[in-house]
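Novice: below are the sequence and a predicted model; questions follow.
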Amino acid sequence: MHLRSKPWAADWLLEHHDIVIDQDRAVKQRGDWQALFNEPQPIHIEIGSGKGQFILGMALAHPEINYIGMEIQETAVAIAARKSFDSAGKLPNLRFIYGNGAGVENYFEKEEVSKLYLNFSDPWPKTRHEARRLTYKTFLKGYEAILPEKGELEFKTDNRHLFEYSLVSFIDYGMRWTTSDFSLDLHADEDKVVGNVETEYEQKFMAKGQPIYWIKAHF
């Protein structure tokens, strides 16, 4: 969903360039992301971080991991980064990229990222827009290029059609998962929901009684 522009967003991003890295700087940072964090730790990224509730929650819950939220919308990444800064200051293990999730291999080297998250991605329901879905094969190729062997991709959505499409896309690409890493109603599975950090959309759909589809697949 496209957010209305905020007049303060561009200036805030410029003033906090140590927290939010623009696309040009992200390309130059390739192979040296650990230099932006206080400690050399595994890097997990979320593509399409929206207003940042998930990535902030993960960074607070897991100080032993370095997190990067990637977002293409200026307003969204500004809201996410400012939310993080206002609530916890400059976290030592959280940064953002203001950039496109397509071509992530231009930002990261092989094995530079340990895990990747996709949460409530745009379903792009029309067939002619299939290549824009973040679980389309060209995106999967990019993810594989930055993850280690058997690297993990964790995916949550409320959209049944997108979930079913993604399962087929994963299988066709050669990805695999176990029954313990799969749910058609995450919040009804007491064992699987342990440690789950909710997104803004997740809370919205849960309030409506909609199931949350979840999978953790590996390459």
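Specialist: Perfect, I can see it now.

Novice: neighbours around Y136, how many?
Specialist: 18 (other Cβ atoms under 10 Å). For the C-beta atoms, the positions are set from N, CA and C on the backbone; glycine is no exception.

Novice: now swap in the one 10 residues further on and tell me
Specialist: Around I146 there are 22 other residues, counting by other Cβ under 10 Å.

Novice: verify the stated contact: it with E109.
Specialist: Yes - the criterion here is Cβ atoms under 8 Å, and I146 meets it with E109 at 7.0 Å.

Novice: list the contacts for P211?
Specialist: Contact analysis of P211 by Cβ atoms under 8 Å, 6 or more residues apart in numbering lists D158, L184, D185, L186, H187, A188.

Novice: one more time with 7 Å, if that's ok
Specialist: L184, D185 (Cβ atoms under 7 Å, 6 or more residues apart in numbering).

Novice: you'd agree A131 is in a helix?
Specialist: Yes - according to DSSP: H, G, I helix; E, B strand; the rest coil, A131 belongs to a helix.

Novice: count of residues packed around it?
Specialist: 11.

Novice: ok, now how distant is it from T199?
Specialist: Here A131 is placed at a distance of 24 Å from T199 (Cβ to Cβ, to the nearest Å).

Novice: buried ones in stretch 114-125?
Specialist: S114, K115, L116, Y117, L118, N119, F120, S121, P123, W124 (16 or more other Cβ atoms under 10 Å).

Novice: and stretch 177-188, by the same measure?
Specialist: Applying 16+ other Cβ under 10 Å to stretch 177-188 flags W177, F182, S183, L186, H187 as buried.

Novice: for stretch 11-26, same thing?
Specialist: W12, L13, H16, I19, V20, I21, D22, A26.

Novice: once you drop chain neighbours, what's closest to the last one?
Specialist: If you skip the residues right next to it in sequence, A26 has Y107 as its closest partner in space, 4.5 Å away by Cβ to Cβ, 6 or more residues apart in numbering.
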